[in-house]
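> Following is a predicted model, sequence given first.
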Amino acid sequence: MINGLGQRLQEQRILRNLSQKQVASSIGVSASVISNYESGERTPSVEILISLAHLYHCSADYLLGIDKSNTVKLLDVSMLNDKQYQLLQSFLLSLQE
């Protein structure tokens, strides 16, 4: 098991007021599998790790202990039409230059 992974998984789940059963249902595994991940008895596959990172709105690097910062900033763009989305994307790319 990856050092601290289980603890970070549990912290993220509790932070979001989710039960192990809710997390399990969201990613398509059993609650006992989530329990095993959190206790360090099992290590999630890459696919499951990505699903957990999406569910917890954090990076896989954070869950793995590579990145100590849990500050993934997300922007909901679901209300934008295609043209607005493209304009926003162009604007954000211009900021990187």
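Structure's in. What do you need?

> I'd assumed residue 66 was in contact with residue 53.
No - at 11.9 Å, residue 53 and residue 66 do not qualify as touching, with contact defined as Cβ atoms under 8 Å. All C-beta atoms are positioned from the backbone trio N, CA, C, and that covers glycine.

> So between these two, which is more surrounded?
More crowded of residue 53 and residue 66, by other Cβ atoms under 10 Å: residue 53, with 19 against 10.

> Now name the helix or strand holding that one.
Using DSSP states H and E, residue 53 sits within helix 46-56.

> Report the buried residues of that helix.
48, 49, 51, 52, 53, 55, 56 (16 or more other Cβ atoms under 10 Å).

> who's in contact with the residue nearest the centre of the chain?
Centroid-nearest residue in the chain, with Cα atoms, centre = their mean: residue 53, separated by 1.5 Å. If you count contacts by Cβ atoms under 8 Å, 6 or more residues apart in numbering, residue 53 has them with 59, 60, 62, 63.
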